[in-house]
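# Requesting a structural model of the entry that follows:
(chains A and B)
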2 protein chains.
Amino acid sequence: MGDGCNMEGVSVEAASLAGHWGLGKLVVFYDDNHISIDGHTDISFTEDVCARYAAQGWHVQHVVNGNTDMNGIRDAIARAKSVTDKPSLIKVTTIIGYGSPNKADSHDVHGAALGAAEVAATRANLKWDYPPFVVPEDVKKHMGECIANGAASEAAWKATVSAYEAKYPKEAKEFKQLISGELPAGWEAALPSYTPADKAVASRIHSQTCLNALAPVLPGLIGGSADLAPSNMTLMKMFGDFQKDTPAERNMRFGVREHGMGAIVNGMLLHNSGLIPYCATFFIFTDYMRGAMRVSALSEAGIIFVMTHDSIGLGEDGPTHQPVEHLASFRAMPNMLVMRPGDANESSGAYKVAIKNRKRPTLLALSRQALPNLAGTSLDGVAKGGYIVHGDAAATPDVILMATGSELSMTVDAAKELEKAGKKVRVVSMVCWELFEEQSKEYKASVLPAAVKARVSVEAGHTMGWHKYVGDAGICIGVDDFGASAPANIIYEKLGLTAANIVKQAMSLCK
Amino acid sequence: MGDGCNMEGVSVEAASLAGHWGLGKLVVFYDDNHISIDGHTDISFTEDVCARYAAQGWHVQHVVNGNTDMNGIRDAIARAKSVTDKPSLIKVTTIIGYGSPNKADSHDVHGAALGAAEVAATRANLKWDYPPFVVPEDVKKHMGECIANGAASEAAWKATVSAYEAKYPKEAKEFKQLISGELPAGWEAALPSYTPADKAVASRIHSQTCLNALAPVLPGLIGGSADLAPSNMTLMKMFGDFQKDTPAERNMRFGVREHGMGAIVNGMLLHNSGLIPYCATFFIFTDYMRGAMRVSALSEAGIIFVMTHDSIGLGEDGPTHQPVEHLASFRAMPNMLVMRPGDANESSGAYKVAIKNRKRPTLLALSRQALPNLAGTSLDGVAKGGYIVHGDAAATPDVILMATGSELSMTVDAAKELEKAGKKVRVVSMVCWELFEEQSKEYKASVLPAAVKARVSVEAGHTMGWHKYVGDAGICIGVDDFGASAPANIIYEKLGLTAANIVKQAMSLCK
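Residues are numbered from 1 along each chain as shown, chains lettered A, B, ... in the order given. Next up, the predicted model:
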């Protein structure tokens, strides 16, 4: 870490959990060179970093002369390793650009090259007489020892695995499966499917059902919530809490630390552990962890983001808690699958996609409110991102209605009303735009035929992006302003998210 | 603050700066009730909060029995006020739901009402015999003293202001102007305007010119960067750094603390100080401060967000630093003005809008790379959000090209090429979608006539949202995937952001 890392709140969140969990294997070097881009850290960073880490339960050391005191650093590492019940911070005070006679200890060496003249001056100052790119023999020899050391470490590791395999064949098989990165055969069979007769519950509850169904067949599934487990419905009931003394348990308690949570699950996955981490909070609080979510997408880390209370439908908590722009904002993020399932089958389908996609993260936008189960939804449909859930697929409709998530059932209701008025209506679930875009041109045209210009989109979120699907003649029903504080059904009514308004808007296009 | 507040990284960022600045007037109560939504804080929060604040330079006290030790709290407040060179934390240990015999000290009283039976039991337990909503006489009398105390405070304050006014008439006038919330008359005259003969520089440089031109005429203008001042170009050259011993200076040094920075400028503005705070970082790092920016928008706080390095045009730093989805994501945020000026005049126009809008925040997306000055740009045009910068406004064009920011000049170049091929071309600068949407139907139709279906949008960002303007027949040129690490001109070439590709796409629509 550098000075800047220690200024960022996310590092403090992560450090707090590392101390709480007693991560004894973690050794952090803090390069205390007191220079950042704006100059000396005196201008903005004067706290006692070591005392702060100590307050968070870390073992803390300070190497005062990090420029030349190699033995001091070596000893500090040895001591850090000997403390196995706490993470260790080694603050190493250094001079940035050490050896450069004119630029050391200034921000001139932070982000720019020294330049030829200063390189020459630095060589002279450090008495470095070798030509450029020449590695002295004694250095080469010393570093060459790493080969033998590495081979010995690898052999020791393999012997440990073999001994483990002999003694615990079942566990070893599971372990090898896990680190292979492949999913165990037949895991999909654990996912539940439903009929319209099944009880209407919130998609956050379906999410919990999926997590609990998958946990026994996916030993790598591990995760939790940022202090919202009873609201996000993320507990795996057969497991206890992952804590300092119970590391085999699989429910993680992240506290109110969204950004740290996102960074931690990224690390768990990118360690190539074979773990399938999920994490959870209210959808609105992705605003606090967006940086980590972008890292998931950019690093091809198949994290599952369980984001509940996904719209104005959360009700009385009001605009501070009601996501509006969030669906659009994540649909614009490359390599992020944004899934907004509309009922039970779609929730199972969303989990199927999320588990399969080990190289891209999935954001599950889930409802607080109960959602009726629809006749036309399916796991296979969800895998296509957009599909027909109501209406004759073979006939050309008079109007196409599109919806996602909690608005899907009211849209089907609207279709039935329109049919009573003699209209041919198709309802398309646009559960995941990214997957729909990846389908063949033919498939997309079969779902959204170019000839049908009368189109209405329905989603309790900002309409940005929907024009691509509704076209020039279409109408977007959505929420383009901040929500309101009231029970969900009242807000929906006020903002025109009702079957009656969908019928009205659709009729205006069918004249 | 509660336990959860102290888990969030943003509070640590803010606390670090409060300690650094020595904010002696700040007294923070920390209600240490050790219960959050997931249960006891033991499961995720076991650090020594007081020691952490002490490490950050705070004066720290602990009231052990916050339930009944009123004198202890009173004394702690008096001591906190007596320490004037440090902010004060008073940790007050309490029992949540104190007095409730069956629900105290549990998360059952965190977010839900007690219920009638438990209310009755609590009343009995606390020996509270008054009927509901009755305030006992002695309580009323005690609280009534606040009226006289408040009147005395107000009178003392007014006397201070009068004395100040008599002694320092000029400064008092400025102070009164400031807290009136009105902008001083004629401030707009300070904004520079340009001709195409002026040197091509980056819009981040124009931003610096505007800040330095406005600083003398707007005494409330104050702000800075999150450790990127030399890159964001945010220093007001006539001022020094706002620091503990130099509180009259106006350049703030936020360190690498984007979220804390956003929260701090919100507080400065919402205190009704009349200050006009700006803050700055790379556009990509809005991911770290989005929560604070949403608070600006929702709270109607006219913050100016100076966001530079606004696209793949930043070059070699690569995809981790290249915003792609960010323009779309903020355009979807209600009450946030997203401005992406294309040259010098548009940069001045963007500042004019930003300063005027004291009730909504403005995000300025600014280039790292130099931008030529165009003949058709204007401050008045920018105020309309979208306007014609090239082509005959009276004639119906064969094709409309739309662009923002750094892509505006290459789009004008493409128009000139197309004109050589005999096409009538209009170029529209879509510098601020939100302002364009607010224009009259007639104005919008005059800029984007419905009859012209051949439309191309050009922007070095995700194409989400542009379909609304280019329509069913149009083409969006943009960046729908993560960028790449290379010099700006090479990335632009590879991704088709060139005049040649604009010409090609436009010709495909003009057949």
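
# Now for the one residue in chain A that gets nearest to chain B, how many residues are close by?
As assessed by C-beta to the nearest C-beta, chain B sits closest to A:Gly9 within chain A, at 2.2 Å. Glycine gets a C-beta too; all of them are placed from N, C-alpha and C. A:Gly9: 26 surrounding residues under other C-beta atoms under 10 Å in any protein chain shown.

# and what of A:His20?
A:His20: 22 neighbours (other C-beta under 10 Å).

# How many residues are close by the residue nearest to it when sequence neighbours are not counted?
Leaving aside its sequence neighbours, A:His20 sits nearest to B:Thr46 (C-beta to C-beta, 6 or more residues apart in numbering or on different chains; 5.0 Å). B:Thr46: 17 surrounding residues under other C-beta under 10 Å.

# From what I see, B:Thr46 and A:Gly22 are in contact.
No: in this structure B:Thr46 lies outside contact range of A:Gly22 using C-beta atoms under 8 Å: 9.7 Å.

# list residues touching both of those two?
A:Gly57 (C-beta atoms under 8 Å, 6 or more residues apart in numbering or on different chains).

# Wasn't A:Tyr130 part of a helix?
No: applying DSSP: H, G, I helix; E, B strand; the rest coil, one finds A:Tyr130 to be coil, outside a helix.

# What is the burial count for the closest residue to it other than its chain neighbours?
Excluding the flanking residues, the one nearest A:Tyr130 by C-beta to C-beta, 6+ apart is A:Pro136, at 6.0 Å. Look at A:Pro136: counted by other C-beta under 10 Å, it has 11 neighbours.

# returning to that earlier point: shouldn't the residue of chain A closest to chain B be in contact with B:Ala15?
No: the criterion here is C-beta under 8 Å, and A:Gly9 misses it with B:Ala15 at 9.9 Å.

# in chain A, which ranges drop under the pLDDT threshold?
For chain A, applying pLDDT under 70 flags no range at all.

# how much space between the closest residue in space to the residue of chain A closest to chain B that isn't next to it in sequence and B:Phe330?
Leaving out its chain neighbours, the residue that sits closest to A:Gly9 by C-beta to C-beta, 6+ apart is B:Gly9, at 2.2 Å. From B:Gly9 across to B:Phe330, the span is 22 Å (C-beta to C-beta, to the nearest Å).

# ditto for A:Ser16
From A:Ser16 to B:Phe330 the distance is 30 Å (C-beta to C-beta).

# what residue is smack in the middle of chain A?
In chain A, the residue lying closest to the centroid (C-alpha atoms, centre = their mean) is A:Met293, at 4.3 Å.

# Now do the contacts for it.
Going by C-beta under 8 Å, 6+ apart, A:Met293 touches A:262, A:286, A:303, A:305, A:330, A:333, A:336, A:361, A:363.

# 7 Å instead?
A:262, A:286, A:305, A:361 (C-beta atoms under 7 Å, 6 or more residues apart in numbering or on different chains).

# Can you tell me the SS state at it?
helix.

# about what we covered before: show me the contacts for the residue of chain A closest to chain B.
A:259, B:9-10, B:12-13, B:257, B:259-260.

# how close does it get to B:Leu221?
27 Å.

# next one: A:Met238
59 Å.

# which one of those two has more residues nearby?
Higher neighbour count among A:Met238 and B:Leu221: B:Leu221, with 21 against 11, using other C-beta under 10 Å.

# Name the residues linked to that one by a beta bridge.
Beta-bridge partners recorded for B:Leu221 (DSSP bridges): B:Ile276.

# so it sits right up against B:Cys210, yeah?
No: counting by C-beta atoms under 7 Å, B:Cys210 is not a contact partner of B:Leu221; they are 10.2 Å apart.

# Would you state the helices of the stretch 201-350 of chain A in chain order?
Taking DSSP state H, counting those that start in this stretch as the test, the helices found in the stretch 201-350 of chain A are A:203-214, A:229-232, A:258-270, A:286-298, A:326-331, A:344-356.

# Check the burial of A:Ala151 by counting its neighbours.
10.

# ditto for A:Leu408
For A:Leu408, using other C-beta under 10 Å, the count is 31.

# which secondary structure elements does the helix or strand harbouring it contact?
Assigned by DSSP states H and E, A:Leu408 belongs to helix A:408-420. Applying 3 or more C-beta pairs under 7 Å, 6 or more residues apart in numbering or on different chains; DSSP states H and E, one finds that helix A:408-420 contacts strand A:387-390, strand A:399-403, strand A:425-429, helix A:499-510.

# Make TSV out of those and add distance to B:Val452.
TSV is the format used below for the helices and strands packed on helix A:408-420 (distance: least, C-beta to C-beta, whole Å):
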stretch	distance to B:Val452
strand A:387-390	34
strand A:399-403	26
strand A:425-429	30
helix A:499-510	23
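
# follow-up on the earlier one: of all the contacts of A:Met293, which two lie farthest apart?
Across those, the longest distance by C-beta to C-beta is 11.6 Å; it joins A:Thr286 and A:Pro361.

# Thank you, goodbye.
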